[in-house]
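Trainee: the sequence isn't on hand, but the structure is:
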């Protein structure tokens with residue numbers, strides 16, 4: 001069945017290719033333009049037309065650039081019944097719809113026309129939907145989307161010419177240049193792998209926008225933030241500093257926050273995990289704790305952690321107020337900002353001159369275990385790491401501490417004039433003669 005003749009100005013054009021089974025496959029032919037290359041003689045000079053209307057003008061070799069896209073749609077060349085004719089009609093209608101959409105996209109790409117689609121015009125509104133409570137992403141992903149979006153808004157507010165986009169920003173304004181500037185800004189405000197991890201979720205959000213048709217292409221393509229994954233940038237609390245912290249008391253302290261932080265120091269739990277642990281996660285008979293890490297749940301096969309608990313940790317956990325309600329949270333903590341503020345004051349009152357955050361408890365747990373001689377595989381399992389490679393960064397801290405320990409012995413006062421030289425054979429003979437005398 002021949003397809004309807006298309007207008008000469010249509011680009012792409014709908015075409016068909018005859019198959020051996022009596023059908024034809026449909027395709028789209030795009031005309032992408034032409035290229036003219038001057039024709040040169042053996043001396044490198046332009047060749048001119050010698051006759052006709054073009055006489056005296058330079059010759060050019062013209063190349064027409066085309067592209068063909070298969071639609072994976074088929075029609076019957078000679079339909080034999082009403083069913084095949086109806087099938088042809090529906091297939092051609094679908095093919096024409098696809099052709100029209102491709103034409104609009106092509107015009108938008110080449111001439112700046114806007115494809116009439118139901119799009120979210122505000123980039124911020126689109127990003128907020130990624131971490132909305134109704135979104136289907138994991139809880140950790142939602143938190144990461146929220147964090148990177150807030151940082152993107154702060155970046156826009158930090159640059160006078162971009163401040164007007166902090167509340168409303170069209171997708172076409174999110175350019176590769178803007179994304180590159182945001183990546184550089186993240187390097188300055190984030191420590192360690194923070195910049196790389198944050199930008200990963202920004203790029204992931206843009207990828208989702210492209211997949212949903214809200215953006216034409218990902219502005220983050222080609223932008224890479226590199227960092228040394230083996231460098232641990234957060235501060236570590238030594239066993240002596242932890243003991244000093246435990247002995248420190250001050251006015252208006254928060255025992256609930258202190259209790260939870262101490263638990264993290266001796267279990268390595270993240271803040272998001274420790275505040276959600278319930279008594280149902282504790283096996284009082286075997287003195288073990290079982291839980292799924294919120295950060296890696298649904299993304300890693302090692303998200304489930306089983307950890308034995310010491311007698312002191314069991315006393316720190318205590319018992320639920322209602323023995324029948326095991327869903328009670330062990331550490332009912334306030335929001336992150338309040339916990340961070342009280343933790344900062346506690347550390348300051350203890351006379352510890354370090355920038356300590358809640359996540360430092362996890363790093364301190366790992367480093368102190370390795371310093372005590374624990375096997376790296378055991379530490380990796382307790383931390384819930386998916387591979388030992390993630391735990392190896394703590395070994396670099398151990399090596400640095402060994403170096404500091406050696407340097408702490410002080411300078412050697414041994415002088416060069418006290419060093420004996422190597423004796424020669426003549427010296428040895430003289431010594432023997434002297435002994436004989």
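Mentor: Nice, I can see it. Treat the numbers as computed from the prediction; the structure is a model and nothing was measured.
Trainee: can you tell me the closest non-neighbouring residue to residue 385?
Mentor: residue 391 (5.3 Å; C-beta to C-beta, 6 or more residues apart in numbering). Bear in mind the C-beta positions are built from the backbone N, C-alpha and C, glycine included.
Trainee: same check, this time on residue 277
Mentor: Nearest one to residue 277, counting by C-beta to C-beta, 6+ apart, is residue 330 at 5.1 Å.
Trainee: so the one you found touches residue 280, yeah?
Mentor: No. The pair residue 330 / residue 280 is not scored as a contact, 9.9 Å apart, by C-beta atoms under 8 Å.
Trainee: settle it for me: which of the two has more neighbours?
Mentor: residue 330 (23 against 14; other C-beta atoms under 10 Å).
Trainee: look up phi and psi at that one.
Mentor: phi -70, psi -40 (degrees, to the nearest 10).
Trainee: dump the residue contacts of the residue nearest to residue 277.
Mentor: Listed by C-beta atoms under 8 Å, 6 or more residues apart in numbering, the contact set of residue 330 reads 277-279, 282, 317-318.
Trainee: show me where the stretch 251-400 of the chain has its helices.
Mentor: 255-267, 271-274, 311-317, 336-349, 359-371, 376-383, 388-391, 393-407 (DSSP state H, counting those that start in this stretch).
Trainee: I'd like to know how many residues surround residue 199.
Mentor: So residue 199, with other C-beta under 10 Å, has 23 neighbours.
Trainee: what about it, distance to residue 74?
Mentor: 45 Å (C-beta to C-beta, to the nearest Å).
Trainee: try residue 290
Mentor: 56 Å.
Trainee: between these two, point out the one with more neighbours.
Mentor: residue 74 (17 against 13).
Trainee: wait, that one touches residue 26, no?
Mentor: Yes. Residue 74 lies in contact with residue 26 (C-beta under 8 Å); the separation is 7.0 Å.
Trainee: overlap of the contact sets of the two?
Mentor: Joint contacts of residue 74 and residue 26 (C-beta under 8 Å, 6+ apart) are residue 91.
Trainee: so where's the stretch 1-150 of the chain shaky on pLDDT?
Mentor: 1-8, 108-120 (pLDDT under 70).
Trainee: mind doing that once more with 50?
Mentor: For the stretch 1-150 of the chain, applying pLDDT under 50 flags the ranges 113-120.
Trainee: where do the strands sit along this protein?
Mentor: Using DSSP state E, the strands assigned to the chain run over residues 13-18, 23-38, 60-76, 282-283, 288-292, 304-308.
Trainee: need the contact list for the residue nearest to residue 385.
Mentor: 366, 376, 379-380, 383, 385 are the contacts of residue 391 under C-beta under 8 Å, 6+ apart.
Trainee: export those to JSON lines and tack on pLDDT and distance to residue 17?
Mentor: Listed next are the contacts of residue 391 as JSON lines, based on pLDDT from 0 to 100; distance: C-beta to C-beta, whole Å:
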{"residue": "366", "pLDDT": "88", "distance to residue 17": "63"}
{"residue": "376", "pLDDT": "86", "distance to residue 17": "61"}
{"residue": "379", "pLDDT": "87", "distance to residue 17": "63"}
{"residue": "380", "pLDDT": "87", "distance to residue 17": "58"}
{"residue": "383", "pLDDT": "87", "distance to residue 17": "59"}
{"residue": "385", "pLDDT": "84", "distance to residue 17": "54"}
